[in-house]
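J.: my questions concern the predicted model and sequence given below.
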Amino acid sequence: MSMDILTGSRHLELTIDQSNVPIALRVTSNELDALPCDNVFIGADQQFQDSPYFQSAHLWTSVIVSGPAIQPDTSYTVELWTLSNSQPQTIFTQQVFTNRWGDVNDDDRINARDLYSLVQLDASAWDEKTLLPFDIAPCQTDRMIDASDIMVVIGAFSSDVGTRESCVPSCP
């Protein structure tokens, strides 16, 4: 079993191989300001919870993980768990890095192209999944592109550091 993982500054997009095997999804980070809890699992509603939620892999399809716990320029470990003799067992692990703060076009640089990509975006022509890379503010992303997103990119572009907004995640 495997999975593809795409990242943005404020989200992880998981696409899991289709199978009837029941699996749970776990996301962790060793970085202090991201995911302060040891057991952070993804629930049926694609939100964080503190215990594993097992369902058939084909029911997960594409999973979007976002919110205050997903920070820019941060390392995360994503695991697939299954049950073996009624005990949880890790069957897949992958480490991923989210984009730098303000890098909305995923080229690992913060420049005028990021601002241009954001300003030229016609939000009415895209679905929620397509808008995810551009929806980077506030901490709990609001599923819309607005002045707060533009100001983050301008701030990151002008400082060329990609300073992240202070988002404090809480344990589920």
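T.: Right, received. Where do you want to start?

J.: show me the contacts for Leu25.
T.: Leu14, Phe41, Ile42, Tyr53, Trp60, Val63, Val78, Glu79, Leu80, Trp81 (CB atoms under 8 Å, 6 or more residues apart in numbering). Just so you know, the C-beta spots here come from the backbone N, C-alpha and C atoms, and that holds for glycine as well.

J.: and the residue lying closest to Ser19 once chain neighbours are set aside, what does it touch?
T.: Distance criterion CB to CB, 6 or more residues apart in numbering; nearest residue to Ser19, sequence neighbours excluded, is Ala57 at 4.2 Å. Taking CB under 8 Å, 6+ apart as the criterion, Ala57 is in contact with Met1, Ile16, Asp17, Gln18, Ser19, Asn20, Val21, Pro22, Ile23.

J.: circling back to that earlier point, of the contacts of Leu25, which is the nearest to Leu131?
T.: In terms of CB to CB, no member of these lies closer to Leu131 than Val63, at 16.6 Å.

J.: residues contacting the closest one?
T.: Glu13, Leu14, Thr15, Ile16, Leu25, Ile42, Gln46.

J.: filter the residues you listed down to the ones in strands?
T.: Per DSSP state E, strands hold the following members of these: Glu13, Leu14, Thr15, Ile16, Leu25, Ile42.

J.: no more questions from me, cheers.
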